[in-house]
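Chemist: fold the following.
(one chain, ligands or ions: 1)
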Amino acid sequence: EFPQSEALQRLPEQFFAKLVNKVMKVKEQHDDVINLGQGNPDQPTPKPIVDQLKKAADNPNYHKYPPFAGYPFLKEAVADYYKREYNVDIDPGTEVAVLAGAKTGLVEISQCLLNAGDTVLVPDPGYPDYWSGIALAGANMHEMPLKQENDFHPDFAELSANTLHNAKLMFLNYPNNPTGAVATHALFEEAINLGDKHDICIVHDFAYGAIGFDGKKPISFLQIPGAKNVGVEMLTLSKTYNMAGWRVGFVVGNPSVIKAIELIQDHYYCSLFGGIQEAAAFALRSDQSSVTQLVTMYEKRRTALVDAAQKIGWNVEAPKGSFFAWFPVPEGYTSETFADLVLEKARVVVAPGVGFGKHGEGYVRIGLLSEEKVLQEAMERIGKLQLFPS
Ligand code: PLP
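Modeler: All right, here's what the predicted structure looks like:
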């Protein structure tokens, strides 16, 4: 057996692997487990996108190595998407790279910009993949607490001069996983000013960019003047078009960052299969009616879940975007003891908030990735445990 490299050994423990094991044990004994703990879209990719891939697969040009970091036609489709959706001008030649899912970009960017000992500002709670790239690069994380009383936005005033001096990178993510919060112009403006002043690259993870509720379209970081000077946005087709298995994403914005990512990527995987790139461009240029339908579906589920939770006495707030709800655990429980209890006694899986960082303690994340009646049944089962004061 070969020992793992020091870099690999620095990778944080996979918190949710533990949860999967617990769920498997309960599933061995019960066939009615409701899993609301995961983040995998439950609907298939819209058929016209799949059909486009089938047609494109026959094109022999795509059977060769693709141009590194993406075909120009796909980069142009991304630029046109930004113009159409956000009225943002993007140069497809220098401001877009194609990724195998946003995940790759989120890890690669740490390798591109960090040296050992650098500081990275991360939202807490936050998407655990940010931690991996930072650990592999030997950099240090500085958590920015996202508090409910602050609409789950970080308070930049809490960052010390020393932290800002050492910081090279900052991750932000709105609509937010796990809290369901959305960004404001003011938040992004503050981040851009901070990035400008302290030479910090701002990485905005826009994975749930298409999923905003109550008729409000989430804003793109790149809509804010000056954004491209200090940062990039990560976009993905995984959630917008139910294409999580296809592995298509983009990094868009600051040309020096795009160049660095393309440099690294050329050595890893060059780029994606051309047929997938063609279908991805087709999705971005489509009339977006599938996206509207998807958002309507998630919004109905959100309302059903929140209503059902309130009916059992759970004092919860509705998420404003993403496909997650972030509910407080009742008095006397930690996020893990509560999640364990509802798994064992109600056979409902929820994700303990502490898995997203220490400031996630006190909450659980519930996915909107099951039908309304399943979400309602899950709340009814939890209600029978009588954990909430009536
Ligand atoms: N960013 C966030 C906040 C996510 O929740 C996810 C997936 O769950 C990703 C990025 C990964 O996206 P992709 O499928 O494009 O790698």
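Chemist: which residues of the stretch 201-350 of the chain lie near the ligand?
Modeler: By C-beta under 6 Å from any ligand atom, the residues of the stretch 201-350 of the chain that approach the ligand are 205, 207, 236, 238, 244, 249. Every residue, glycine included, has its C-beta placed from N, CA and C.
Chemist: which residues does the residue of the stretch 1-150 of the chain found nearest the ligand contact?
Modeler: Relative to the ligand, the nearest point of the stretch 1-150 of the chain is residue 101 (2.8 Å; C-beta to the nearest ligand atom). Neighbouring residues of residue 101 by C-beta atoms under 8 Å, 6 or more residues apart in numbering: 236, 238, 244, 247, 248, 249.
Chemist: could you do residue 336 as well?
Modeler: Counting by C-beta under 8 Å, 6+ apart, residue 336 makes contact with 352, 354.
Chemist: state whether it is indeed within a strand.
Modeler: No. Per DSSP: H, G, I helix; E, B strand; the rest coil, residue 336 lies outside any strand segment and is helix.
Chemist: what about stretch 266-280, distance to the chain center?
Modeler: Distance, stretch centre to chain centre, for stretch 266-280: 21 Å (C-alpha atoms, centre = their mean, to the nearest Å).
Chemist: could you do stretch 332-341 as well?
Modeler: How far stretch 332-341 lies from its chain's middle: 24 Å, per C-alpha atoms, centre = their mean.
Chemist: what are the buried residues along that stretch?
Modeler: Within stretch 332-341, the residues scored as buried using 16 or more other C-beta atoms under 10 Å are 333, 335, 336, 338, 339, 341.
Chemist: between those residues, which sits nearest residue 42?
Modeler: For those, the minimum distance to residue 42 (C-beta to C-beta) is 20.6 Å, reached by residue 339.
Chemist: for that closest one, what are phi and psi?
Modeler: Residue 339 has phi and psi values of phi -60, psi -40 when expressed as degrees, to the nearest 10.
Chemist: identify all contacting residues around whatever helix or strand residue 304 lives in.
Modeler: Using DSSP states H and E, residue 304 sits in helix 289-311. With contact meaning C-beta under 8 Å, 6+ apart, helix 289-311 is reached by 43, 46, 210-214, 240-242, 316-319, 323, 325, 327, 366, 368, 370-372, 375-376, 378-380, 383.
Chemist: and with 7 Å instead?
Modeler: Helix 289-311 is touched from outside by 43, 46, 210-211, 213, 240-241, 316, 318-319, 323, 325, 327, 366, 368, 372, 375-376, 379-380, with contacts defined as C-beta atoms under 7 Å, 6 or more residues apart in numbering.
Chemist: in helices, which of those residues appear?
Modeler: Residues of the contacts of helix 289-311 located in helices (DSSP state H): 240, 372, 375, 376, 379, 380.
Chemist: quick one, helices of the stretch 1-150 of the chain?
Modeler: With helices called from DSSP state H, counting those that start in this stretch, the stretch 1-150 of the chain shows them at 6-9, 15-29, 47-56, 72-86, 102-113, 129-136.
Chemist: and the angle from the fifth one to helix 129-136?
Modeler: Orientation note: helix 102-113 sits at an angle of 30 degrees relative to helix 129-136 (axes from the mean of the first three to the mean of the last three C-alpha atoms, to 10 degrees).
Chemist: list the buried residues of helix 102-113.
Modeler: Neighbour counts over helix 102-113 (16+ other C-beta under 10 Å) mark 102, 103, 104, 105, 106, 107, 108, 109, 110, 112, 113 as buried.
Chemist: would you point out the helix or strand in this structure whose mean pLDDT is lowest?
Modeler: Sorting the helices and strands of the chain by mean pLDDT, DSSP states H and E puts helix 15-29 at the bottom, at a mean of 89.
Chemist: dump it to PDB, restricted to CA.
Modeler: Below are the C-alpha coordinates for helix 15-29, written out as PDB (Å, rounded to 0.1, in the frame of the first residue of the first chain):
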ATOM      1  CA  PHE A  15     -18.800  14.600   7.000                       C
ATOM      2  CA  PHE A  16     -21.600  13.400   4.800                       C
ATOM      3  CA  ALA A  17     -20.100  10.000   4.200                       C
ATOM      4  CA  LYS A  18     -20.900   9.200   7.800                       C
ATOM      5  CA  LEU A  19     -24.500  10.200   7.200                       C
ATOM      6  CA  VAL A  20     -24.700   7.900   4.200                       C
ATOM      7  CA  ASN A  21     -23.600   5.000   6.300                       C
ATOM      8  CA  LYS A  22     -26.200   5.700   8.900                       C
ATOM      9  CA  VAL A  23     -28.900   6.000   6.300                       C
ATOM     10  CA  MET A  24     -27.900   2.600   4.700                       C
ATOM     11  CA  LYS A  25     -28.300   0.900   8.100                       C
ATOM     12  CA  VAL A  26     -31.800   2.300   8.600                       C
ATOM     13  CA  LYS A  27     -32.700   1.400   5.000                       C
ATOM     14  CA  GLU A  28     -31.700  -2.300   5.600                       C
ATOM     15  CA  GLN A  29     -34.500  -2.500   8.100                       C
END
